[in-house]
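Asker: Give the three-dimensional model of this entry:
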Amino acid sequence: MQRLINLSEATAGYGTGEAIFTDVSLGICERDFIGLIGPNGCGKSTLIRSLAGVLPLRNGTLSWFDSPAFTWKRRLIARRIAVVPQQVHNSFDFTVHQVVSMGRNPYLLRYRGLQPEDLRAVDEAMERTDVNALADRSVLELSGGERQRVVIARALAQQPSVLLLDEPTSYLDINHQIEVFDVLYHLNQDCGLAIFCATHELNMVTSYCRDVVVMKNGRICTKGKMEEAMSDSVLSKVFGIDLKIDTDIAGSLRVVPMSLRTKTSN
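Answerer: Numbers count the residues shown, from 1 in each chain. Okay, here's the model as predicted:
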């Protein structure tokens, strides 16, 4: 299976400050659905930015589709890799269709508007994320879950092979978290999109992702298949709290915090 993104022995940071992550190596292959987890400040967002080529590496190598990242023009790689950032501020009264259409920017020629193929890509992205009924609504009127699906639709309009997401369910309640991860699962399973998703929602990762990368203090503690990489001891050490891996009624792994109250009741 082709490796779409490959990061090897990489170190990155901001300005002249200390490194945010060090000696990180990982790959994203076709049809992967990988969850990236770890405590606040461990380097998840910085890693996403580096994988997207937004933040240059200090050491190590980054390649996209078997070619060094530095050989790619931004306009061309934006057709292959899309990013959903941690926070998107919509302060202008755009319609949903207008926002999703912005995903076609890497394809547009100067002084030429959306072409029929662009409109088809926008319609397909909206259908896959189930926001086509919202096409004429203002993004300022949407719920958090609807707005996040629109942001994902905008990324899909780029027609990428890889989708990088930085905490896509932050500030969403449980039903909207499930709504967003259901969309991601559909895109991965039915559309073949490779997904790499940083999140704090451990049980969304165990329920939806096949692989996991666990970070702490700018380093990867473990990575691999969910059943192999997730363990009580690793998670407890990484998050600094007693955590237990269990199995729910659907057969998915479940992360359970063993608080003092839980221990006492047992």
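
Asker: Thr16 in helix, strand or coil?
Answerer: coil (DSSP: H, G, I helix; E, B strand; the rest coil).

Asker: Pull up the gap between Ile220 and Phe94, please.
Answerer: 38 Å (C-beta to C-beta, to the nearest Å). Yep, even glycine has a C-beta here, placed from its N, CA and C like the rest.

Asker: State the pLDDT value of Leu109.
Answerer: We have a pLDDT of 86 for Leu109.

Asker: Next one: the spatially most central residue of the chain relative to Leu36, how far apart?
Answerer: Nearest residue to the geometric centre of the chain (C-alpha atoms, centre = their mean): Leu165, 2.0 Å. As judged by C-beta to C-beta, Leu165 and Leu36 stand 9 Å apart.

Asker: and Ile220 and Phe94? which has more neighbours close in?
Answerer: The neighbour comparison of Ile220 against Phe94 (other C-beta atoms under 10 Å) goes to Ile220, with 20 against 16.

Asker: For burial, what's the neighbour tally of Ser236?
Answerer: Residues near Ser236, counting by other C-beta under 10 Å, number 16.

Asker: wait, Ala153
Answerer: Around Ala153 there are 27 residues (other C-beta under 10 Å).

Asker: For the stretch 151-266 of the chain, give me the ranges with low pLDDT.
Answerer: 259-266 (pLDDT under 70).

Asker: Would you state the helices of it in chain order?
Answerer: Ranges of helices in the stretch 151-266 of the chain, per DSSP state H, counting those that start in this stretch, are 174-191, 202-208, 226-229, 232-239, 260-265.

Asker: Take the ones you listed and write them to JSON lines, including distance to Ala82.
Answerer: Listed next are the helices of the stretch 151-266 of the chain as JSON lines, based on distance: least, C-beta to C-beta, whole Å:
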{"stretch": "helix 174-191", "distance to Ala82": "11"}
{"stretch": "helix 202-208", "distance to Ala82": "19"}
{"stretch": "helix 226-229", "distance to Ala82": "24"}
{"stretch": "helix 232-239", "distance to Ala82": "28"}
{"stretch": "helix 260-265", "distance to Ala82": "40"}
